[in-house]
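[1] Build me a model from this:
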Amino acid sequence: MVFLMTNDKSILIKNIYYMLCYVFPILKQNNYNKIASEKFEKTQDLFAAILSKGIAQQLKRGLYYEYITQYETLSVLRGKLNVSQTLHNKMQKRQKLYCEFDELSENNLYNQILKTTIYFIIKDKNLSNKYRTALNKLLIFFNDITLLEPSKIKWQQLHYQHNNKNYEMLLNICYFVLHGMLQTTEKGKYHIINFSEEHMAKLYEKFILEYYRYHHSYLSKIKPAQIKWNLTMQNDKSMTCFLPIMQTDVMLCLHDKTVIIDAKYYSHILQKHYDKYKLHSTNLYQIFAYVKNQDKNNTGNVSGILLYAKTEEDITPNFTFHIGGNQIEIKTLDLNTDFKIIAKQLDNIVTSYFKK
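    Numbers count the residues shown, from 1 in each chain. I've put the predicted structure just below:
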């Protein structure tokens, strides 16, 4: 079995693929089936396999085109005339018109990010030759596409609609590579490192939500929800703008019961204080605030779970507390095991609270 190491965590690389499948259901389609049966030595290989399959499929459909504003000096008018620049041309005794026009082009941000990701993965010396060869074959089709500086990519400008929806998963993989794995050396060069903890935390959180949506759709509510502060005085409500937002990762509801899950992916689940191990107080205060403000009538039907990704620490916390009439659990999810066991752990959480 091959593992991804992130600080004090080891994760089966194949499990990263399964997690991605829940976050991006397109990976469950036929053209990605073979990936599930492959053995990956490194995270780079997994991402390269996904990209090579996905980009090859996109090339068969045709690359995405969009209108790009072009600026050219022409003999005849095309599009809009830039008056000031045209006058400048005349002053230079150049009888040319400076035109601004939109042209349908494949050299857009979406394809530029694909090319940039392929380029940097191929340069990684740890990438298996099998995937380097596959990506090199695809790179030929991007000759007319501009290569970007990874640190200057404007990810916020990406928007998806019907014509480019197929790019969403691919560009998210590109984001994991360029934003989560690519690092600048002291000499200004780039090299690929292990998948960052920050990006694993986002994937872990999203995976848990989508797993429940897929396998436990009978629940009346499965979503990240914002909890309102249970303010008792009317004049307090005018000052809610000063209070922090309580945004849950996952809220599960059925009938009169609610379970709030906060997904935590840290290097260390416990902190050492005077030679004693303690839970991170901020996490416990946070889940307690969520539960008590959601359970406005003190019914005791709202519970909270801090669901940590298991680390290599000697102590693995699995505790249950009853605080102020509500149940708070501290659980760990072992990502370094067969995915069937991970699924069973997640299923058991639901069945223990919502007996069918």
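
[2] Low-confidence regions, the chain specifically.
    Applying pLDDT under 70 to the chain flags the ranges 1-10, 79, 89, 91-93, 183-195, 234-237, 313-314, 356.

[3] Using the three-state scheme, assign residue 111.
    Following DSSP: H, G, I helix; E, B strand; the rest coil, residue 111 is assigned to helix.

[4] For it, which non-adjacent residue is spatially closest?
    In this structure, residue 111 finds its nearest non-sequential neighbour in residue 145, 4.9 Å apart by CB to CB, 6 or more residues apart in numbering. Bear in mind the C-beta positions are built from the backbone N, C-alpha and C, glycine included.

[5] what's near enough to touch that neighbour?
    By CB atoms under 8 Å, 6 or more residues apart in numbering, residue 145 lies in contact with 106-107, 111-112, 114-115.

[6] now residue 248
    Neighbour list for residue 248: 224-227, 260-262, 290 [criterion: CB under 8 Å, 6+ apart].

[7] farthest-separated two in those residues?
    226 and 261 (14.8 Å; CB to CB).

[8] Among those two, which residue is more densely surrounded?
    The residue with more neighbours, out of residue 226 and residue 261, is residue 261; 26 against 10, by other CB atoms under 10 Å.

[9] which residue packs closest to the more buried one, ignoring adjacent ones?
    Going by CB to CB, 6+ apart, residue 261 has residue 250 as its nearest residue, at 4.1 Å.

[10] Would you confirm that that neighbour contacts residue 263?
    Yes: between residue 250 and residue 263 there is a contact at 7.0 Å, judged by CB atoms under 8 Å.

[11] So between those two, which is more surrounded?
    residue 250 (24 against 21).

[12] ok, the more buried one - contacts?
    By CB under 8 Å, 6+ apart, the contact set of residue 250 is 208-209, 212, 222-224, 260-263.

[13] So which of those is the closest to residue 352?
    Scanning the contacts of residue 250 for proximity to residue 352, where the rule is CB to CB, the winner is residue 261, at 12.6 Å.

[14] show me where the stretch 1-150 of the chain has helices.
    Here the stretch 1-150 of the chain has its helices, by DSSP state H, counting those that start in this stretch, at 13-23, 33-37, 43-61, 83-91, 109-123, 129-139.

[15] To residue 340, which of these lies closest?
    Ranking the helices of the stretch 1-150 of the chain by proximity to residue 340 (CB to CB) places helix 13-23 first, at 10.0 Å.

[16] residues making contact with the closest one?
    With CB under 8 Å, 6+ apart as the test, helix 13-23 has contacts from 1-4, 27-28, 35-36, 39-43, 46, 50, 172-173, 195, 203-204, 206-207, 210-211, 214, 335-336, 339, 342.

[17] Check stretch 321-336 too.
    In contact with stretch 321-336 (CB under 8 Å, 6+ apart) are residues 3, 9-12, 15, 204, 208, 269, 279, 284, 287-288, 291-292, 295, 298, 300, 302-310, 316-320, 341-342, 345-346, 349.

[18] got the domain boundaries for this structure?
    3-64+107-195, 66-105, 205-353 (automatic domain parsing).

[19] Mind putting the contacts of residue 145 into JSON lines with neighbour count and distance to residue 161?
    As requested, these are arranged in JSON lines below (neighbours: other CB atoms under 10 Å; distance: CB to CB, whole Å):
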{"residue": "106", "neighbour count": "17", "distance to residue 161": "17"}
{"residue": "107", "neighbour count": "16", "distance to residue 161": "19"}
{"residue": "111", "neighbour count": "24", "distance to residue 161": "16"}
{"residue": "112", "neighbour count": "17", "distance to residue 161": "18"}
{"residue": "114", "neighbour count": "26", "distance to residue 161": "18"}
{"residue": "115", "neighbour count": "22", "distance to residue 161": "22"}
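
[20] So which bits of stretch 206-222 are buried?
    By neighbour count on 16 or more other CB atoms under 10 Å, the buried set for stretch 206-222 is 206-212, 216, 219, 222.

[21] Show me which of those residues is closest to residue 255.
    residue 219 (9.8 Å).

[22] Can you show me the CA trace of stretch 240-260 as CSV?
    Output of stretch 240-260 as CSV, limited to C-alpha atoms (Å, rounded to 0.1, in the frame of the first residue of the first chain):
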residue,chain,number,x,y,z
THR,A,240,-25.4,40.8,15.3
CYS,A,241,-23.1,42.3,12.7
PHE,A,242,-20.4,42.3,15.4
LEU,A,243,-20.8,38.6,16.2
PRO,A,244,-18.7,36.0,14.4
ILE,A,245,-20.5,33.9,11.8
MET,A,246,-21.2,30.3,12.9
GLN,A,247,-20.8,28.3,9.7
THR,A,248,-21.0,24.5,10.1
ASP,A,249,-19.2,22.0,7.8
VAL,A,250,-22.0,19.5,7.8
MET,A,251,-25.5,19.6,9.4
LEU,A,252,-27.6,16.4,9.3
CYS,A,253,-31.3,16.4,10.2
LEU,A,254,-34.0,13.8,10.4
HIS,A,255,-37.4,14.4,12.2
ASP,A,256,-36.6,16.2,15.4
LYS,A,257,-32.9,15.3,15.6
THR,A,258,-29.9,17.3,14.4
VAL,A,259,-26.2,16.4,14.2
ILE,A,260,-23.6,19.1,13.5
